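In: quick one: sequence plus predicted model below, questions after.
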Amino acid sequence: MGDDGVGLRVIEKILERKLDQGFQVIDIADNGIKLLSYFTEETEKILLIDCVEAEKKPGDFVLFSPKDVESEKMLSGMTTHEGDVLKLIELAKAVNYPIPPLRVLGIQPESVVPSMELSDLLASRLDEYVKIALAELNKDWK
């Protein structure tokens, strides 16, 4: 997992501190297709938190809307373990799913080598990422 698991670590911190007030926290790390079940008229907004190659310094982050970027990820096919959120959104649009406002908190990894732990750099900034995620969720995205 390495730094690729930063999104999961951020949501774990939110849940362990019981900061999930007024929103639902879900883990789609091993099943990206699950995201489609939240593409409904009732969903107010979705914030995805993930490791993203953004040509930033390791540990830095970017906030963006998927419509503002293009995927360069090479996939061997659509599986539940090899997802690409941008391609999933395209699929949802093609079959007329309602797409709620969606933003991404993308965190530049330091290391994506197989490991159960985050790099020391990203681990030391988890509290910062939690604050950023909560602030973003409290904004009006319209």
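Out: That came through fine. Fair warning: this is a prediction, and the values are worked out from it, not measured in the lab.

In: name the spans of this structure whose pLDDT lies under the cut-off.
Out: Counting by pLDDT under 70, the ranges of the chain that qualify are 70-83.

In: mind running it again at 90?
Out: 1-2, 19-22, 26-34, 53-54, 66-91, 112-116, 140-142 (pLDDT under 90).

In: can you give me the helices for it?
Out: With DSSP state H as the criterion, the chain has helices at 6-16, 85-94, 120-124, 126-137.

In: out of these, which gets nearest to Gly32?
Out: helix 85-94 (5.9 Å; CB to CB). All C-beta spots, glycine's among them, are computed from the backbone N, C-alpha and C.

In: buried residues in the closest one?
Out: With burial defined by 16 or more other CB atoms under 10 Å, the residues of helix 85-94 counted as buried are Val85, Leu86, Leu88, Ile89.

In: next: stretch 101-116.
Out: So for stretch 101-116, counting by 16+ other CB under 10 Å, buried means Leu102, Arg103, Val104, Leu105, Gly106, Ile107, Gln108, Pro109, Glu110, Ser111.

In: any idea how many residues pack against the residue lying closest to the fourth one once chain neighbours are set aside?
Out: Pointing back at Leu105 there. Closest residue to Leu105 apart from its sequence neighbours, by CB to CB, 6 or more residues apart in numbering: Ile49 at 4.6 Å. Using other CB atoms under 10 Å, Ile49 has 24 other residues around it.
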